[in-house]
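Colleague: Here is my input, please return the structure:
(2 chains)
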There are 2 protein chains.
Amino acid sequence: MKSNKQSQIEVLCIGTELLLGNIVNGNARWLAEELARLGIPHFRQTVVGDNRGRLTEVVLEASKRCRVLICTGGLGPTPDDLTTETLAAAFDAPLEERSEVLADIKAKLDVRGRPMAANNCKQALLPAGATVLSNPLGTAPGMIWSPLPNFSLLTFPGVPAEMQAMWEQTAVPWLQKQGLTSGIFRSKLLRFWGIAESSLAEQVAPFLEQQNPTVAPYAGRGEVKLRVTAWADDAAAADALIAPVEQQLRQIGGNYFFGADSDSLASVVIAALRQRGETLAVAESCTSGGVGAALGAVPGASDVFIGGVIAYANQIKEQLLGVPTQTLISDGAVSEAVAIAMAEGVRRCTGADWSIAVTGIAGPGGGSEAKPVGLVYFAVSGPEKSLVFKRQYGASRGREWIRGLSVGDALDQLRLALT
Amino acid sequence: MKSNKQSQIEVLCIGTELLLGNIVNGNARWLAEELARLGIPHFRQTVVGDNRGRLTEVVLEASKRCRVLICTGGLGPTPDDLTTETLAAAFDAPLEERSEVLADIKAKLDVRGRPMAANNCKQALLPAGATVLSNPLGTAPGMIWSPLPNFSLLTFPGVPAEMQAMWEQTAVPWLQKQGLTSGIFRSKLLRFWGIAESSLAEQVAPFLEQQNPTVAPYAGRGEVKLRVTAWADDAAAADALIAPVEQQLRQIGGNYFFGADSDSLASVVIAALRQRGETLAVAESCTSGGVGAALGAVPGASDVFIGGVIAYANQIKEQLLGVPTQTLISDGAVSEAVAIAMAEGVRRCTGADWSIAVTGIAGPGGGSEAKPVGLVYFAVSGPEKSLVFKRQYGASRGREWIRGLSVGDALDQLRLALT
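Modeller: Numbers count the residues shown, from 1 in each chain, chains lettered A, B, ... in the order given. Here you go, the predicted model:
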């Protein structure tokens, strides 16, 4: 199935909200990463609004350039969702109601106790000859359709979770069957905490220049990642290229390295405690449940993480955690002494083997010269001792940044205490 | 300066890193927001890599469609930055060294104690006839260039801060002088909870068809939004167009409407309690701190939200919240009786006026036929009574989806109890 088209694949994101700047185009990025991973180069991305005329124009142009056009957006039930009907009209194909899709939509709405709206029926209409790309999460199905001999359209909803599930379950196998993937790309994500992206990049500089595997740094909120990507004929050969580089990068990263791929600080901490057969509780002031939520996000966390206290107000710190009133008065709620008292108090009242406590000033109000916004105290308490430490994040990046970094640093200090 | 071109402006982002998915296209979003704010509709965005042939093709196509093409990326000093030379070649224009640009680059490097590299000299080359768009922050200048009678190119570096500074200082005045800006757009976001996007869209169907203001629905995880956007000569006139439509949409939305613009369920609940002078605590099992984290995300929450208990394990439900052992045995942890006992228990131990409790099965494990994954019980307890309700979210969308919806539904039920 060779073609003289210059390009195999293009990406088209459909949605007026993208042209108004209401949302960032995360789908284009996600698809781009996936295509790179699969070894399918793509040379162009286009964004167009929910508009029949302009969408038609863009799709007809693309049909002359590429073999496969991946479309996202405009599959919902509302009148401004017009992707399917516009594509059908662009290639003069009639729409057909698919009874199996209609039944699936009805079943999904039933589970949620929602009535079938007239709008939803529209989602069961697909062009004659198209194959349903079923949506395991939502009501909007996509399709795989070849309206021209050497041109296929794949459509996905704009909702990222739905698009991603459909991509993995149905689109990837289809692309492989078409022979569009050549060799395979495998990648490993190495995760670091507590080091700046620029420092890590400097330390691994020679790796950033090499070709197979490539190494690319990414920075998030507190976390730094290195993605090692190798291309080879098969998975085993690609993994063999990755392994020695991974080993060296982990060694350079030292204690900053905490996990790979889908690991999180929370999952690593829970795995370490599970191995020891020990339990964990939290006592949170400025993060107000964020550490607990991160721990609870890990499937199966409940055999290790037993709960804790959100001690936002001082009265809770005193009543539930037994922080001495005198300490709150003399040292203030944001202090080393209170962090330790919170950590030890929550172990006492829950019976957990280990605990994490966080108390700080997330802002924008509540700061002073002595205790500015961004100052956070942490304590980790275990069977043998309690440790305390502080961070000064500064005020400039705001409340959510401070709270997010605090959750990560709290988990990271427990990780270091456990290893 | 009228034109029969279908479009005034398009956006072109140049960078192989975008096609590899290494970064999200934040520049496209920022420019889209700015164009909307200035009242300049744009109908297409394109992304292409740092490649001479493909960039030339895209630019020549765009020159036939639009009056102004805004380009970002590829202005740096390294060999893969080839935007300026490619654009010059595309329209057969010679490159000229601009001595004032060269002097500016040298001065900026001097300040940083860096030598002038041969690479940097390249940045002083611009096509004959182009106007320098000076860069107040970095070494890469942009340009405003009209290679054809009714077609202008504006180039910006890909570094967001540099692009944004140049846009505001030089590009916006130029666009205004060209008569491209006309009036302004204003928009208002109305937020709803507890209703499906398709149902709300059906109820407000006539509004989705109208032109000024336009009304467009968006769905997130549980939340549905309607964006009302008006265009007018000035802000006051635009707001006057929005006001009556907003009023009608809020009326149709009824109790499902909970706030506008930057409101969240948490901020609305906190504002309502602040007005009453009452306090709130949480008792969380399956959300494990998520409700507390959402409340604590609201700046100034601490005068209303005092804290609570993360009762992930049954022993915490008993020891800290006083849930009777017998109820846990007879009804199970995921039950109406336990939800109420948790809500009342946390009010008792914290002294809060109001409380929210959540207990459910987030999965993937832990479900049974009688109590499947996705079953969640909630209780809201206040000075006068306690209310309990349940949701069955189903298992298909996974643990994080169930936990996220549970946080929203918990806050929403308190909101309804308060209003």
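Colleague: From here on, just use CA atoms for contacts and neighbour counts.
Modeller: OK.
Colleague: Just give the closest residue to the residue of the stretch 251-400 of chain A found nearest chain B, not the sequence neighbours.
Modeller: Closest approach of the stretch 251-400 of chain A to chain B (Cα to the nearest Cα) occurs at residue A:289, with a separation of 3.8 Å. Leaving aside its sequence neighbours, residue A:289 sits nearest to residue B:289 (Cα to Cα, 6 or more residues apart in numbering or on different chains; 3.8 Å).
Colleague: Who are the contact partners of the one you found?
Modeller: A:288-293, A:310, B:310 (Cα atoms under 8 Å, 6 or more residues apart in numbering or on different chains).
Colleague: Closest one to residue B:393 out of these, please.
Modeller: Top of the list for closeness to residue B:393, among those and by Cα to Cα, is residue A:293 at 19.1 Å.
Colleague: Can I get whichever helix or strand that closest one is part of as CSV, trimmed to CA atoms?
Modeller: In the assignment (DSSP states H and E), residue A:293 maps to helix A:290-296. Taking Å, rounded to 0.1, in the frame of the first residue of the first chain, the C-alpha atoms of helix A:290-296 are listed here in CSV:
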residue,chain,number,x,y,z
GLY,A,290,-3.9,17.2,49.1
VAL,A,291,-1.4,14.6,50.4
GLY,A,292,-4.2,12.3,51.3
ALA,A,293,-5.8,12.7,47.9
ALA,A,294,-2.5,11.9,46.2
LEU,A,295,-2.1,8.8,48.3
GLY,A,296,-5.7,7.7,47.7
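Colleague: in it, what's buried?
Modeller: A:290-296 (16 or more other Cα atoms under 10 Å in any protein chain shown).
Colleague: coming back round to it: if I look at the residue nearest to residue A:289, how far off is residue A:264?
Modeller: Computed as Cα to Cα, to the nearest Å, the residue B:289 to residue A:264 distance reads 17 Å.
Colleague: now swap in residue A:238 and tell me
Modeller: Distance, residue A:238 to residue A:264, by Cα to Cα: 24 Å.
Colleague: where exactly do the strands run in the stretch 301-419 of chain A?
Modeller: Assigned by DSSP state E, counting those that start in this stretch, the stretch 301-419 of chain A shows strands spanning A:305-311, A:354-360, A:375-381, A:386-392.
Colleague: The third one packs against which elements?
Modeller: Counting by 3 or more Cα pairs under 8 Å, 6 or more residues apart in numbering or on different chains; DSSP states H and E, the packing neighbours recorded for strand A:375-381 are helix A:336-350, strand A:354-360, strand A:386-392, helix A:399-418.
Colleague: now those in JSON lines, with mean neighbour count?
Modeller: Shown next, in JSON lines, are those (neighbours: other Cα atoms under 10 Å in any protein chain shown):
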{"stretch": "helix A:336-350", "mean neighbour count": "25"}
{"stretch": "strand A:354-360", "mean neighbour count": "30"}
{"stretch": "strand A:386-392", "mean neighbour count": "17"}
{"stretch": "helix A:399-418", "mean neighbour count": "20"}
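Colleague: Name the helix or strand of chain A that has the lowest mean pLDDT.
Modeller: strand A:214-219 (a mean of 78; mean pLDDT, DSSP states H and E).
Colleague: Got the phi and psi for residue A:297?
Modeller: phi -70, psi -20 (degrees, to the nearest 10).
Colleague: Nearest residue to it in space, ignoring adjacent ones along the chain?
Modeller: residue B:400 (6.7 Å).
Colleague: And the pLDDT for that neighbour?
Modeller: We have a pLDDT of 92 for residue B:400.
Colleague: That one contacts residue A:296, correct?
Modeller: No: assessed by Cα atoms under 8 Å, residue B:400 is found out of contact with residue A:296, at 9.6 Å.
Colleague: and residue A:161, how many residues sit next to it?
Modeller: Neighbourhood size, residue A:161 [other Cα atoms under 10 Å in any protein chain shown]: 16.
Colleague: same check, this time on residue A:369
Modeller: 6.
Colleague: got it, and residue A:199?
Modeller: 10.
Colleague: again, but for the one 4 residues further on
Modeller: For residue A:203, the count of nearby residues is 13 (other Cα under 10 Å).
Colleague: Relative to residue A:26, how far out is the closest residue to chain B within the stretch 101-250 of chain A?
Modeller: At 5.6 Å from chain B, residue A:137 is the closest residue in the stretch 101-250 of chain A, using Cα to the nearest Cα. Look at residue A:137 and residue A:26: by Cα to Cα, they are 19 Å apart.
Colleague: Residues of the stretch 1-150 of chain A that sit close to chain B?
Modeller: Taking Cα under 8 Å from any Cα of the partner chain as the test, the list of the stretch 1-150 of chain A residues beside chain B reads A:18-26, A:28-33, A:35-36, A:42-49, A:54, A:77-80, A:111-112, A:114, A:117, A:119-120, A:136-137.
Colleague: Quick check on those: which are buried?
Modeller: Applying 16+ other Cα under 10 Å to the residues of the stretch 1-150 of chain A next to chain B flags A:18-21, A:23-26, A:28-33, A:35-36, A:42-49, A:77-80, A:117, A:119-120, A:136-137 as buried.
Colleague: Tabulate the contacts of residue B:289 (a markdown table), appending distance to residue A:316.
Modeller: Output for the contacts of residue B:289, formatted as a markdown table (distance: Cα to Cα, whole Å):
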| residue | distance to residue A:316 |
| --- | --- |
| A:288 | 12 |
| A:289 | 14 |
| A:290 | 17 |
| A:291 | 17 |
| A:292 | 17 |
| A:293 | 19 |
| A:310 | 8 |
| B:310 | 13 |
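Colleague: Validate this expectation: residue A:136 resides in a helix.
Modeller: No: assigned with DSSP: H, G, I helix; E, B strand; the rest coil, residue A:136 falls outside any helix and is coil.
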